[in-house]
Every structure is written in C-alpha cells, then in structure tokens.
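Participant: 3D, please:
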Amino acid sequence: MITNFRYIYKTLAQSPYYNLILGDIALNHNYDINTLQLKKHFLNKQKLYHPDAQTGKSDEEAAHALQTSSLVNKAYETLLHPLSRAVYILELNGIEIGEADSVEDPDLLMEILDLREQLEEATSEDQVQSLRETNKEAINSTINDVSAAFQNENYEDAKNLTIKLRYLTNLDTAAKDWQPGAPVILQH
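Facilitator: From the prediction side, this is the model:
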C-alpha cells in the first residue's frame, strides 16, 4: 500500500503548482491570479492534508499527507507572491533566472543604485517611508509589465522584468529593515 502513496505523492510533486492548488480551474498558468481564490483553494487542500487532520489514519497515510501538505504549502507560497510566481512561470517555460543574472538596462541599473544610495543616506523614518512609497509604485508598475509580457508570451521581456522586480523587491526588503547608520544590504 505504501507504494501507492509514493506514486500519488510523486504524481502530485510533478504537477504544476497551479493544478495542485486550483485543480481543474487552472486551465492555463496565468500570471494574474485571484489571491483570494488561491487562498480559498489552499485552505481547502490543507483541510485534506494537514497533519492534524490525519488522526486515526495509518502511518503510511499520515506520512503521505504530511508530504502533500508540505508540497501544497510550497505551491501556495510560490503562487502567492508576484516575484516567485514570475520565476516559477519562467521555469515552467524552460527559462531559469540565476543569482548571477542581473539588470542589463544601464538606466535601470542607475535607478536602482540611486534608490539604494538614497536609502543609505536616509536619516529619518519619513525619508525611508517616502522612498518605500516610490519603490512600491515602481514594483506595481513592473508587476503590470510582467503580466503583459506573459500575456503576450514574450518570455525574454518577462525574464528581464522579473530580474527588475527582484531588485525592486530586494530594495523594499532593505527599506523595511532600515536602521539609521546601518549599512544597506541588497540580496540578489
């Protein structure tokens, strides 16, 4: 019987995250997602597979449910966030974004460096908040551009825009963690 559970888990693990959580309504792997609907389907899946719901089940069934619950969590977290969702869709289309991939547009690179410098030179929470608001607008605009690139199946543009989104998201994280006088560290 354990062989059947392993087969089922292997099949689920090979399913696109969209199908794993959204099931039959995931006819395509759109970038634009209704996050409320995603959460609803995620919670329904977790009701089935969460370890707390496995009382009275065999050890094999409980182990399968634990693995599946973990996989459902990973799928949900990936699809929930615009950056990880974009990276995932690119991967589904055979395009990898590595840590070494960087912004090729010199104007964008200068913009990112300028924003980082502003963050480093900030002396108050108000300055950082203003920078975060400006950056949030850039993030939202980039998310819209990523969506358009995926809708047009322009994966090269989607890749470049995803790299841009990664930089902007990392800048937002650095701004959240900002402390007066502390160095600004951007993860890429």
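Participant: Can you find the helix or strand in this structure with the smallest mean pLDDT?
Facilitator: When the helices and strands of the chain are scored by mean pLDDT, DSSP states H and E, helix 2-14 comes last with a mean of 52.
Participant: where's the residue sitting nearest the centre point of the chain, which helix or strand?
Facilitator: By Cα atoms, centre = their mean, the chain has its centre lying nearest to S84, at 2.1 Å. For S84, the element it lies in under DSSP states H and E is helix 82-92.
Participant: CA atoms only for that helix - export them in PDB, please.
Facilitator: Provided in PDB are the C-alpha atoms of helix 82-92 (Å, rounded to 0.1, in the frame of the first residue of the first chain):
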ATOM      1  CA  PRO A  82       4.300  38.100  -7.700                       C
ATOM      2  CA  LEU A  83       8.100  37.600  -7.900                       C
ATOM      3  CA  SER A  84       8.200  33.900  -7.000                       C
ATOM      4  CA  ARG A  85       5.200  33.400  -9.300                       C
ATOM      5  CA  ALA A  86       7.000  35.000 -12.200                       C
ATOM      6  CA  VAL A  87      10.200  33.000 -11.600                       C
ATOM      7  CA  TYR A  88       8.000  29.800 -11.500                       C
ATOM      8  CA  ILE A  89       6.200  30.500 -14.700                       C
ATOM      9  CA  LEU A  90       9.500  31.200 -16.400                       C
ATOM     10  CA  GLU A  91      10.800  27.900 -15.100                       C
ATOM     11  CA  LEU A  92       7.700  26.100 -16.500                       C
END
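Participant: Cool, thanks, signing off.
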